[in-house]
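Asker: Sharing a model prediction with you, sequence too.
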Amino acid sequence: MNLSVREADVDDLERVVAIKVRSWSDTYSSLLEPDVLRPFLDHDTQLAVIRNAAAQPTTTLLVAQDASGLVVGFALAYLEPNQEPWLESLHVDGDLRGHGIGTLLMRALAADLKIRGYNTLRLGVIVGNRSAARLYERLGARVGGGRTHRYHPALRSQQSHHADLCGAQFR
């Protein structure tokens with residue numbers, strides 16, 4: 001599969017949201033209560049969230065696209081002053097998971113962060129999402145204790161930390 005990664009633009013946001021909503025549905029419908037999951041499956045709510053995030057100068061939104069230009073995944077990170085960057089989202093089209101797109105996006109994000117002077121990255125994995133946890137661990141993340149997710153008090157995530165974005169796993 002011929003893929004490339006680039007910064008997202010406004011024309012990508014509908015596709016980004018479609019990928020995110022489907023990913024949340026596929027991944028979390030068996031892990032979360034419907035009331036907790038509902039806002040993450042609402043297209044208009046998520047479009048507003050993504051539009052707002054993309055408009056912030058402290059946000060990095062990268063998309064992976066295939067040879068035809070179709071967006072097949074994305075990574076969204078927040079770069080807050082005096083803090084490690086925070087990976088808010090990494091999602092891949094449901095039909096294409098397991099083909100290295102998540103790894104490609106993480107490597108591109110690591111390269112982008114290194115250029116900006118960062119060497120580490122924080123992220124969280126909702127408890128029960130083993131495939132995401134395995135991806136991050138394979139890329140060198142250390143998994144720490146659980147915490148309440150900032151979006152909803154009923155969401156629990158495992159805090160993870162990429163201690164070295166310059167490591168071999170990101171080359």
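Answerer: Right, received. Where do you want to start? Numbers count the residues shown, from 1 in each chain.

Asker: all contacts plus neighbour counts: C-alpha atoms, from now on.
Answerer: OK.

Asker: what about V72, helix or strand, and which?
Answerer: For V72, the host element (DSSP states H and E) is strand 71-78.

Asker: Identify the bridge partners of the nearest residue to V71 once chain neighbours are set aside.
Answerer: Closest residue in space to V71, ignoring its immediate chain neighbours: Q65 at 4.2 Å, by C-alpha to C-alpha, 6 or more residues apart in numbering. Beta-bridge pairing for Q65 (DSSP bridges): S4, V71.

Asker: got the contact list for Q65?
Answerer: 3-5, 71-73 (C-alpha atoms under 8 Å, 6 or more residues apart in numbering).

Asker: And the strands in the chain?
Answerer: Applying DSSP state E to the chain gives strands spanning 3-7, 59-66, 71-78, 86-92, 121-126, 141-148, 156-162.

Asker: Pick the most deeply packed of the ones you listed.
Answerer: When these are scored by mean count of other C-alpha atoms under 10 Å, the highest mean neighbour count falls to strand 71-78 (a mean of 24).

Asker: chain center to it: distance?
Answerer: Put simply, strand 71-78 sits 6 Å off its chain's centre (C-alpha atoms, centre = their mean, to the nearest Å).

Asker: can you give me the mean pLDDT across it?
Answerer: Strand 71-78 shows a mean pLDDT of 96.

Asker: now do stretch 52-66
Answerer: The predicted model assigns stretch 52-66 a mean pLDDT of 96.

Asker: need the helices for the chain, in chain order.
Answerer: 13-28, 34-41, 43-55, 101-115, 130-138 (DSSP state H).

Asker: Flag the shaky bits of the chain, pLDDT-wise.
Answerer: Applying pLDDT under 70 to the chain picks out residues 143-171.

Asker: let's see 80
Answerer: For the chain, applying pLDDT under 80 flags the ranges 1, 124, 127, 141-171.

Asker: Hmm, A18 is touching D44, no?
Answerer: No - A18 is beyond contact range of D44, at 10.4 Å (criterion: C-alpha atoms under 8 Å).

Asker: so how far is stretch 15-31 off the chain centroid?
Answerer: Computed by C-alpha atoms, centre = their mean, the separation of stretch 15-31 from the middle of its chain amounts to 12 Å.

Asker: buried ones in that stretch?
Answerer: Buried residues in stretch 15-31, counting neighbours by 16 or more other C-alpha atoms under 10 Å, are found at 15-17, 19-25, 27-28.

Asker: ok, so of the residues you listed, who is nearest D93?
Answerer: Of all the buried residues of stretch 15-31, I19 has the smallest distance to D93: 5.4 Å, by C-alpha to C-alpha.

Asker: List the residues that contact the nearest residue to the closest one once chain neighbours are set aside.
Answerer: Distances taken as C-alpha to C-alpha, 6+ apart put D93 closest to I19, at 5.4 Å, once the chain neighbours are dropped. Neighbouring residues of D93 by C-alpha under 8 Å, 6+ apart: 19, 22-23, 72-73.
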